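A.B. asks: pasting the structure only:
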């Protein structure tokens, strides 16, 4: 695997991880944490259950999928490199 393919795989993995963790709300998955507001619940559950590397993956995946962001085109390029789209 070339360095270009490795970079593309890293980007695609981050997007997949971000997409999968959007369902993680801290209420149903995995265990609930204490909070006074819904916003605090989301923050507290993510702080408790995700390590630093996972948080970085979530941020990278979010950046790659955000329309209009300077990095949004990289996701499409990564798909092309890995052969995901024609």
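C.D. replies: Here it is on my side, so go on. Since the model is a prediction, treat every value here as computed from it, not as a measurement. Residues are numbered from 1 along each chain as shown.
A.B. asks: Please name the spatially closest residue to residue 21 (chain neighbours excluded).
C.D. replies: residue 58 (5.8 Å; Cβ to Cβ, 6 or more residues apart in numbering). Bear in mind the C-beta positions are built from the backbone N, C-alpha and C, glycine included.
A.B. asks: center of this protein - which residue?
C.D. replies: residue 18 (2.1 Å; Cα atoms, centre = their mean).
A.B. asks: shouldn't that residue be in contact with residue 62?
C.D. replies: Yes - contact criterion Cβ atoms under 8 Å: residue 18 and residue 62 qualify, at 5.5 Å.
A.B. asks: that older thread, just the pLDDT for the residue nearest to residue 21.
C.D. replies: Here the pLDDT value assigned to residue 58 is 89.
A.B. asks: same question, residue 11
C.D. replies: For residue 11, pLDDT reads 92.
A.B. asks: got the contact list for it?
C.D. replies: Residue 11 is in contact with 60, 64, 74, 75, 78, counting by Cβ atoms under 8 Å, 6 or more residues apart in numbering.
A.B. asks: Please repeat the previous calculation with a cut-off of 7 Å.
C.D. replies: By Cβ atoms under 7 Å, 6 or more residues apart in numbering, residue 11 lies in contact with 64, 74, 75, 78.
A.B. asks: Report the buried members of these.
C.D. replies: Buried members of these, counted by 16 or more other Cβ atoms under 10 Å: 64, 74, 75, 78.
A.B. asks: can you tell me which of those residues are in strands?
C.D. replies: In strands, defined here by DSSP state E, there are no members of the buried ones among the contacts of residue 11.
A.B. asks: which ones among those are found in helices?
C.D. replies: Using DSSP state H, the members of these that fall in helices are 64, 74, 75, 78.
A.B. asks: So for the host helix or strand of the residue nearest to the centre of the chain, what gets flagged as buried?
C.D. replies: For residue 18, the host element (DSSP states H and E) is helix 3-21. Residues of helix 3-21 classed as buried by neighbour count (16+ other Cβ under 10 Å): 8, 11, 12, 14, 15, 18, 21.
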